[in-house]
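In: following is a predicted model, sequence given first.
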Amino acid sequence: MPSKMMLSCLLGAALLSPASPASPASPADAGGRTVDYHGLRLTVPGHWRVVDLNRKPGACLRLDLPTLYLGHAGTQAECTGRAVRGRADTLHLEPLDGAPQRADIPTVRVEGPGGIPVPRSDSNEVRYALRRSGVMATLSYGTAPDAVRDLLAGARTGDSAAPATPAAPGAPGAPADPASAVTGPKPVRAQEPFTGAGFDACTAPTQRAMDSWRATSPFGAVGIYIGGRARACAQPRLTAGWVRRQAEAGWHLMPLWVGPQPWNNPATGLSPDPSQANQEGMEAAEGAVTVARSLGLAEGTVLYNDLENYTDRTTWDPPVVAYLTAWTVRLHELGYRAGAYVAASSGAKALSAHHDQAPDAMPDVLWVAVWNGRASVSDADTGLPARTHQWAGRRRAHQYRGDHDDTHDGVTLNIDSSWIDIDPAASSGPARRRSLFS
């Protein structure tokens, strides 16, 4: 983790320095490396990676390795994985000109030193548009934003302080037009009834990739990771415009929230206490809806909670069911439908075992991961009881192959493959219970 002094000096320089070209990293006397970028000079610890995205356009902006990323993100063709157990402190510096107008994390415009807030971020990421230096700085963090808060608190000079403000309309990180700055992007419906093949990738593919795959691949649905504290990859292309373009092209979108997971970790772990997991489920739903609205996803959209596999069912089944039923109920209260991405051997079994105790609080759609190679949503292929009524009637998806490269029209992506049979209108009505364990 960078020292508080180093981070404070970084932002202080960012606020006051004019833009200038980048130069490569060099050894530093204290065992770190000194980097000059657009007028900023900073020293990163020796164990940090320094990745020049102009030289490595396929590099993935991973959030689980301490890294300084320089330049605009490229294709991110090297991205793999979906959820991570441990998040790291990372810093991504890029020219303000051309920085994407991201909707999934908060962006703050910095006009001068001092008075800079740390906005709440359900995905543990925040961006600062450093107007005087012409740099966008995106910081991610692990357990808590203390380092970021210390960075901001120490960013003062002899000049008078000027408070930070939300990014203005038309500025990087802001809505594209003045009307949307007040009302948000115009809602889009991106989930027409769909039966067929779908895929998900760690980061939103480029528009060229989406267009090429729409024209030449068998896929008609795409899962995209919109946020959450265990999300593995940054999403530099995830904007309201990106969502609208895919919806207009006919893609069925499956937004995924990667919240707390059934493992022991202070940053990314789910509480083993069902009552606390219930609260975490409600908070996850609220975070996901905030991002969904920023992305322009209309009410009624199915939002999926990505909850990874676990083996200790005795410990984790109760909090998992509490978490996912609370997620469902809160999404219904906020006008959205609920989906759950779970493993056939763990989360699916837990939900199935409790289904008839609280059917109205169960996720509307079940997306089951079992990599058996069979493109089917049958009871057997989703790990559900034979001839069950559970999630019947176009309310299932099956991820049947994981983490592999696929190529269409010369564009290669690392994906998971799924078979999908979903009609959002077939889902159950609003739930009335807080959760099974409330």
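Out: That came in fine, so what should we check first?
In: helix, strand or coil for residue 281?
Out: With DSSP: H, G, I helix; E, B strand; the rest coil as the basis, residue 281 sits in helix.
In: please verify my assumption that it contacts residue 320.
Out: No. With contact defined as Cβ atoms under 8 Å, residue 281 does not reach residue 320; the gap is 9.6 Å. Where you see a C-beta, it was placed from the backbone N, CA and C, and this is true even at glycine.
In: more neighbours, these two?
Out: residue 281 (32 against 27; other Cβ atoms under 10 Å).
In: report how many residues lie close to the nearest residue to that one once chain neighbours are set aside.
Out: Closest residue to residue 281 apart from its sequence neighbours, by Cβ to Cβ, 6 or more residues apart in numbering: residue 326 at 3.1 Å. Residue 326 has 28 neighbours, counted by other Cβ under 10 Å.
In: may I have the predicted confidence score for residue 326?
Out: Note on residue 326: pLDDT of 98.
In: with residue 291 instead?
Out: pLDDT, residue 291: 96.
In: close enough to count as contact, it and residue 225?
Out: No. When contacts are counted by Cβ under 8 Å, residue 291 is not listed as touching residue 225 (10.4 Å).
In: what residues are shared contacts of the two?
Out: Residues touching both residue 291 and residue 225 (Cβ atoms under 8 Å, 6 or more residues apart in numbering): residue 257.
In: the more surrounded of those two?
Out: Set residue 291 next to residue 225 and count neighbours by other Cβ under 10 Å: residue 225 wins out with 26 against 22.
In: check contacts around the more buried one.
Out: 82, 200, 202, 203, 231, 232, 233, 235, 256, 257, 258, 306.
In: next up, the contacts around the fifth one.
Out: In other words, residue 231. Applying Cβ under 8 Å, 6+ apart, the residues near residue 231 are 63, 82, 83, 84, 123, 225, 258.
In: one more: the third one?
Out: Residue 202 makes contact with 60, 76, 79, 80, 81, 82, 225, 232, 233, 414, according to Cβ under 8 Å, 6+ apart.
In: kindly recompute the last result at 6 Å.
Out: Contacts of residue 202 were listed using Cβ atoms under 6 Å, 6 or more residues apart in numbering, and they are 79, 81, 82, 232, 233.
In: also the second one?
Out: Neighbouring residues of residue 200 by Cβ under 6 Å, 6+ apart: 223, 416.
In: give me the distance between it and residue 320.
Out: 21 Å (Cβ to Cβ, to the nearest Å).
In: same check on the third one?
Out: For residue 202, the distance to residue 320 equals 23 Å [Cβ to Cβ].
In: kindly report the same for residue 309.
Out: For residue 309 relative to residue 320 (Cβ to Cβ), the value is 11 Å.
In: please apply the same query to residue 235.
Out: 26 Å.
In: was I right to think residue 329 contacts residue 361?
Out: Yes. In this structure, residue 329 is within contact of residue 361 by Cβ atoms under 6 Å, at 5.5 Å.
In: can you classify residue 406 as helix, strand or coil?
Out: Quick answer, by three-state DSSP: residue 406 is strand.
In: what sits against it?
Out: residue 415.
In: can you list the contacts of residue 202 in JSON lines and add secondary structure and neighbour count?
Out: Output for those, formatted as JSON lines (DSSP: H, G, I helix; E, B strand; the rest coil; neighbours: other Cβ atoms under 10 Å):
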{"residue": "79", "secondary structure": "coil", "neighbour count": "21"}
{"residue": "81", "secondary structure": "coil", "neighbour count": "14"}
{"residue": "82", "secondary structure": "coil", "neighbour count": "22"}
{"residue": "232", "secondary structure": "coil", "neighbour count": "22"}
{"residue": "233", "secondary structure": "strand", "neighbour count": "22"}
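In: tell me which two of those sit farthest apart.
Out: Maximum pairwise distance among the contacts of residue 202 (Cβ to Cβ): 9.7 Å, between 79 and 82.
In: what residues go with each domain of the chain?
Out: 4-178, 185-426 (automatic domain parsing).
In: tell me how many other residues surround residue 55.
Out: Neighbour count for residue 55, taken as other Cβ under 10 Å: 11.
In: so how far is residue 97 from it?
Out: Counting by Cβ to Cβ, the gap from residue 55 to residue 97 is 19 Å.
In: so for stretch 338-346, mean pLDDT?
Out: For stretch 338-346, mean pLDDT rounds to 98.
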